[in-house]
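**Student:** show me how the following folds:
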Amino acid sequence: MIIIGIAGGSGAGKTTVARTVAERLGEENVVYISQDWYYKDRSHLSLEEREKLNLDHPNAFDSKLLIAHLKQLRQGHPIEVPHYNFSTQSRTTKTMHLEPKSVAILEGILVLAITEVRSLIDFKIFVDAEPDIRLIRRIERDIRERNSTYEKTVKRYLTTVKPMHDAFIEPSKIFADIIVPRGGENEIATDMLAEFVEHYTVHHSGGTTTNNENNLAETQ
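**Tutor:** Sure thing, here's the model as predicted:
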């Protein structure tokens, strides 16, 4: 199994890039994993305390569990991924069953910044976007999907999101094999990236290809 890591700031367009790559490879061949699912369980804290948590620091994630799951998938074993509720800032009792596929796409703000996670990634991508664009997308998403308000989102951005981006996310760009500028809206770069990943996957599959990969190999 090949692991593709897609990192970048909050609101950069990582999910759009991940979706494009998955569609190109064939979703039947790809298992998608979000780093957001692996926030540590802080349900023992009060809601007020949870709302003050710094969710943009590497220590916010249960990287030990994420690493264990990536290794299980690589060994051909299914996993049960956790579910994190951003409205309550806590992990729920729900899990999602994921089967191993020929390709795993791991997407998250800090997948290249955490050494132990990065070491498991075969192909590293960093999605870049202007800060003002990322902020606008963050505000829209948090209000729409995470039960936040404009005031709470801006405060979180200024106190944790931006400082952590500058301290951890932006520096992790150096580890990327490919950088996608202007985020997910850069259709030309995203399409070229998807095509490159397609060929990379075929040539690094160790001789084991899916039907989709065989079709790709025949066209080369």
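
**Student:** quick one: list the elements packing against the longest strand along the chain.
**Tutor:** Assignment by DSSP state E gives strand 90-98 as the longest strand of the chain. If you count contacts as 3 or more C-beta pairs under 8 Å, 6 or more residues apart in numbering; DSSP states H and E, strand 90-98 packs onto strand 79-85. The C-beta positions use only the backbone N, C-alpha and C, and glycine is treated the same way.

**Student:** sheet-wise, list the partners of the strand it packs on with their directions.
**Tutor:** strand 90-98 (antiparallel) (DSSP bridges).

**Student:** need the residues that contact the partner strand.
**Tutor:** Contacts to strand 90-98, defined as C-beta atoms under 8 Å, 6 or more residues apart in numbering, come from residues 31, 33, 37, 39-43, 50, 73, 78-85.

**Student:** do I have it right that L53 meets R42?
**Tutor:** Yes: between L53 and R42 there is a contact under C-beta atoms under 8 Å: 6.3 Å.

**Student:** just the helices in this structure please.
**Tutor:** Counting by DSSP state H, the segments of the chain that form helices are 14-25, 47-51, 63-74, 115-118, 131-145, 150-156, 162-164, 187-203, 211-218.

**Student:** buried ones among the contacts of strand 90-98?
**Tutor:** If you count burial by 16 or more other C-beta atoms under 10 Å, the buried members of the contacts of strand 90-98 come out as V31, I33, W37, Y39, K40, R42, L73, I79, V81, P82, Y84.

**Student:** and the pLDDT for the residue nearest to the spatial centre of the chain?
**Tutor:** Note on the chain: the residue nearest the mean C-alpha position is E107, at 1.2 Å, using C-alpha atoms, centre = their mean. Predicted confidence (pLDDT) for E107: 96.

**Student:** any idea how far it lies from V117?
**Tutor:** E107 is 12 Å from V117, where distance means C-beta to C-beta, to the nearest Å.

**Student:** got any residues that touch both of the two?
**Tutor:** Common contacts of E107 and V117, defined by C-beta under 8 Å, 6+ apart, comprise G5.

**Student:** count the residues that sit near the residue lying closest to R141 once chain neighbours are set aside.
**Tutor:** Nearest residue to R141 in three dimensions, chain neighbours excluded: G11, at 6.9 Å (C-beta to C-beta, 6 or more residues apart in numbering). Look at G11: counted by other C-beta atoms under 10 Å, it has 24 neighbours.

**Student:** again with I6
**Tutor:** 29.

**Student:** try T92
**Tutor:** When neighbours are counted by other C-beta under 10 Å, T92 registers 12.

**Student:** now it: how far from Y84?
**Tutor:** Distance of T92 to Y84, given as C-beta to C-beta: 7 Å.

**Student:** re earlier: now the helices of the chain in TSV, with distance to I125 and mean pLDDT?
**Tutor:** Shown next, in TSV, are these (distance: least, C-beta to C-beta, whole Å; pLDDT from 0 to 100):
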stretch	distance to I125	mean pLDDT
helix 14-25	7	87
helix 47-51	31	84
helix 63-74	16	97
helix 115-118	12	97
helix 131-145	17	86
helix 150-156	26	88
helix 162-164	20	94
helix 187-203	7	79
helix 211-218	19	34
